[in-house]
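K.L.:
test case, fold it:
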Amino acid sequence: MRVVSLVPSLTEAVAVTAPGRLVGATDWCTHPAGLAAVRVGGTKNPDVAAILALRPDLVVANEEENREPDLAALREAGVEVLVTEIRTLDAAFEELERVLAVACGRPRPRWLDEAEAAWAALPPPRAPRRAVVPIWRRPWMVLGHDTFAGDLLSRLGVDNVYADHPERYPRIPLDALNAAGADLVVLPDEPYRFTADDGPEAFPALPSALVDGRFLTWYGPSLVRAPAALRAALR
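P.N.:
Presented below is the predicted three-dimensional model:
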């Protein structure tokens, strides 16, 4: 099986579970370190010709990260495309098992069991805190409804202020974010790289939690360490 992955999380999952199966990955696929797969462009602008030149048996994708016209072009060229939909932790576990069974043909990996156990072992959250969760600035964009990251935060006792917004990633003016009644602001380092010097100053009345975006938004082997890492950052 020759596999091309257009999703960084799934790239890591396939590469860790079945080394040697992955022949192509995007420029944004940074894990595991030293990945030798051919780079085929970005998640939003993959080089379809380069993918076809790799003669893949399967391309793995995601309905949020990848564009349908690119996936349609691959299908029209005769390539099988497996598209995942992951908006909750439970869906992540289900889709990972599906991808790995198809792409790797291997028994369920141990890391997936460890990830499920790590999240199941979380203590019940205390009184929830309300948070705004920016993912971009200039313009300011935040987590809205029905997002994977929002589901993870809710399991850690953090309620997204904009969880009921009709958009999944709404643009909200900064003054509205500061007036939203939040208890804290959660600032991941991807897709926008928020840092101690770039982000917290925009929310002078709120405590800021700087979190590793990989633990908040990736669904793969990182889910094993994510509960502990995110709990520590949110404290």
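
K.L.:
which parts of the lowest-mean-pLDDT helix or strand in the chain are buried?
P.N.:
None of the helices or strands of the chain scores lower by mean pLDDT, DSSP states H and E than helix 89-104, at a mean of 93. For helix 89-104, the neighbour count (16 or more other CB atoms under 10 Å) marks 89, 92-93, 95-96, 99-100, 103-104 as buried. Backbone N, C-alpha and C define where each C-beta goes, glycine included.

K.L.:
tell me how many other residues surround residue 40.
P.N.:
Residue 40: 26 surrounding residues under other CB atoms under 10 Å.

K.L.:
same question for the one 4 residues further on.
P.N.:
Close neighbours of residue 44, defined as other CB under 10 Å, add up to 12.

K.L.:
that one belongs to a helix, doesn't it?
P.N.:
No: the assignment for residue 44, made by DSSP: H, G, I helix; E, B strand; the rest coil, is coil rather than a helix.

K.L.:
what's the closest non-adjacent residue to it?
P.N.:
residue 67 (6.0 Å; CB to CB, 6 or more residues apart in numbering).

K.L.:
which secondary structure elements does the least confident helix or strand of the chain contact?
P.N.:
Other elements packing on helix 89-104 under the criterion 3 or more CB pairs under 8 Å, 6 or more residues apart in numbering; DSSP states H and E are helix 8-17, strand 58-62, strand 80-84, helix 110-120, helix 148-155.

K.L.:
what are the contacting residues of the next helix or strand after the longest one?
P.N.:
The first helix or strand that comes after helix 110-120 along the chain, using DSSP states H and E, is strand 129-132. When contacts are defined by CB atoms under 8 Å, 6 or more residues apart in numbering, strand 129-132 is touched by residues 142, 153, 157-162, 172, 177, 180-186, 203, 206, 209.

K.L.:
so which of the residues you listed sit within strands?
P.N.:
Among the contacts of strand 129-132, the members found in strands (DSSP state E) are 142, 158-160, 184-186, 209.

K.L.:
name the nearest of those relative to residue 122.
P.N.:
The closest of those to residue 122 turns out to be residue 158 (CB to CB; 12.3 Å).

K.L.:
chain neighbours aside, what residue packs nearest to the closest one?
P.N.:
Per CB to CB, 6+ apart, closest to residue 158 is residue 131, 5.0 Å.

K.L.:
for that neighbour, give the beta-bridge partners.
P.N.:
residue 160, residue 184 (DSSP bridges).

K.L.:
give me the buried positions along stretch 72-89.
P.N.:
Buried, per 16+ other CB under 10 Å, within stretch 72-89: 73-74, 79, 81-82, 84, 86-89.

K.L.:
a markdown table for those, including distance to residue 224?
P.N.:
As requested, the buried residues of stretch 72-89 are exported to a markdown table (distance: CB to CB, whole Å):
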| residue | distance to residue 224 |
| --- | --- |
| 73 | 35 |
| 74 | 31 |
| 79 | 31 |
| 81 | 28 |
| 82 | 23 |
| 84 | 19 |
| 86 | 17 |
| 87 | 21 |
| 88 | 18 |
| 89 | 13 |
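
K.L.:
state the pair within those residues that is farthest apart.
P.N.:
Longest distance between any two of the buried residues of stretch 72-89 is 31.6 Å, between 73 and 89; criterion CB to CB.
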